[in-house]
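# I need the structure of the sequence given here:
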Amino acid sequence: MSYNNCQLCPRECGINRNNGETGFCGESAELRIAAMLAHFGEEPCITGRNGSGTVFFSGCGCGCFFCQNFQISHQHIGRIYSSDEFLDGLRTLVAQGVHNLNFVTPDHYWPHIKTACASLREDGIDIPFLWNSSGYANAALVPELCRLIDVFLPDFKFAIPELAEKCMGDSRYPELALKALAEMVDRKGFLRPWDPSGEMTATQGVLVRHLVLPGQLDNSLRTLDLLNEHFGPNLPLSIMSQFQPMPECDRLGLFNTKIAIEDYAKVCEYACSLGFTRIFAQEGLGDDSFAPDFTSDRPFGEKNSPKR
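Below you'll find the model as predicted:
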């Protein structure tokens with residue numbers, strides 16, 4: 001797949017981004033990146049001791065109004081990188097000793113990522129490549145991704161079509177996310193090795209993330225039912241409590257509070273009652289560091305530092 005007649009995400013805008021046109025994601029074929037850094041805020045088996053070499057791309061094909069990375073997904077903060085600059089930046093991260101290269105909201109930049117990853121493999125660089133996505137994916141693209149990507153970290157945001165329509169404008173989200181996830185699991189299996197301590201970092205497989213939303217307990221419980229029905233209780237999960245209200249939440253009058261800690265506890269308890277045992281859970285309800293400031297040289301502040 002290419003930027004001509006772009007079909008890289010389920011929006012399938014069909015525009016020619018090589019001619020400077022922009023579709024739903026808001027980005028042309030120019031590569032816009034908000035940050036490239038060793039990140040220490042992922043799950044322990046992703047972060048490890050040395051951090052995850054994380055690339056935050058601008059733009060997004062999913063477009064949830066409450067996005068915690070609103071500055072880059074909606075406001076397109078970032079600068080244009082040439083292909084050579086991008087590759088050099090990835091090599092710099094590898095030289096720093098990161099455990100993996102972690103591509104965040106990457107679907108609409110797959111042609112650039114594909115070329116860079118192939119070059120790194122040709123150079124003998126063998127650390128895992130991670131696809132860190134919204135879950136809103138074109139399943140037809142997954143087989144191509146799997147030729148280079150080792151670990152998939154998809155969200156599963158919505159099990160309720162009406163909620164998906166309200167939040168990101170496509171009631172098909174549950175159906176499309178499930179289809180893409182099935183392809184990922186079929187080709188890569190579950191995340192391994194499974195080491196919650198982070199002493200051994202993951203090298204292959206799938207971990208599904210779910211962000212609990214304020215006042216949407218039923219959505220979370222139905223998400224767990226859906227995942228259990230299709231993949232069983234051995235599927236690794238990361239259940240997140242870190243929701244922070246974004247500017248659009250106030251404007252729309254939706255999700256303009258943090259989640260209730262009681263609801264988060266109910267979601268985690270329900271996951272356990274279904275037999276899920278490979279679960280990452282968060283303590284508390286997060287803080288401002290979960291809504292990074294990409295206008296800063298240190299988007300995640302002081303918390304983004306190696307574990308001692």
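# so where do the helices sit in the stretch 1-150 of the chain?
Counting by DSSP state H, counting those that start in this stretch, the stretch 1-150 of the chain has helices at residues 44-47, 70-73, 83-95, 110-122, 142-145.
# List the buried residues of the third one.
With burial defined by 16 or more other C-beta atoms under 10 Å, the residues of helix 83-95 counted as buried are Phe86, Leu87, Gly89, Leu90, Arg91, Leu93, Val94. Using the backbone N, CA and C atoms, a C-beta is placed for each residue, glycine as well.
# got the contact list for the third one?
Same thing as Gly89. The contact partners of Gly89, by C-beta atoms under 8 Å, 6 or more residues apart in numbering, come to Ile33, Met36, Val55, Tyr81.
# measure it to Leu213 for me?
When distance is defined by C-beta to C-beta, to the nearest Å, Gly89 is 33 Å away from Leu213.
# quick one: buried residues of the helix or strand bottoming out on mean pLDDT in the chain?
Least confident helix or strand, the chain: helix 247-252 with a mean of 92, by mean pLDDT, DSSP states H and E. Neighbour-count burial for helix 247-252, counted by 16+ other C-beta under 10 Å, picks out Glu248, Cys249.
# Run through the strands of the stretch 201-308 of the chain in chain order.
Residue ranges of the strands in the stretch 201-308 of the chain, as given by DSSP state E, counting those that start in this stretch, are 205-206, 208-211, 237-240, 279-281.
# Reformat these as CSV; add mean pLDDT and mean neighbour count.
Converted to CSV, these look like this (pLDDT from 0 to 100; neighbours: other C-beta atoms under 10 Å):
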stretch, mean pLDDT, mean neighbour count
strand 205-206, 98, 22
strand 208-211, 98, 22
strand 237-240, 98, 22
strand 279-281, 97, 16
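# Out of the ones you listed, which is closest to Asn50?
Nearest to Asn50, of all the strands of the stretch 201-308 of the chain, is strand 279-281, at 19.2 Å by C-beta to C-beta.
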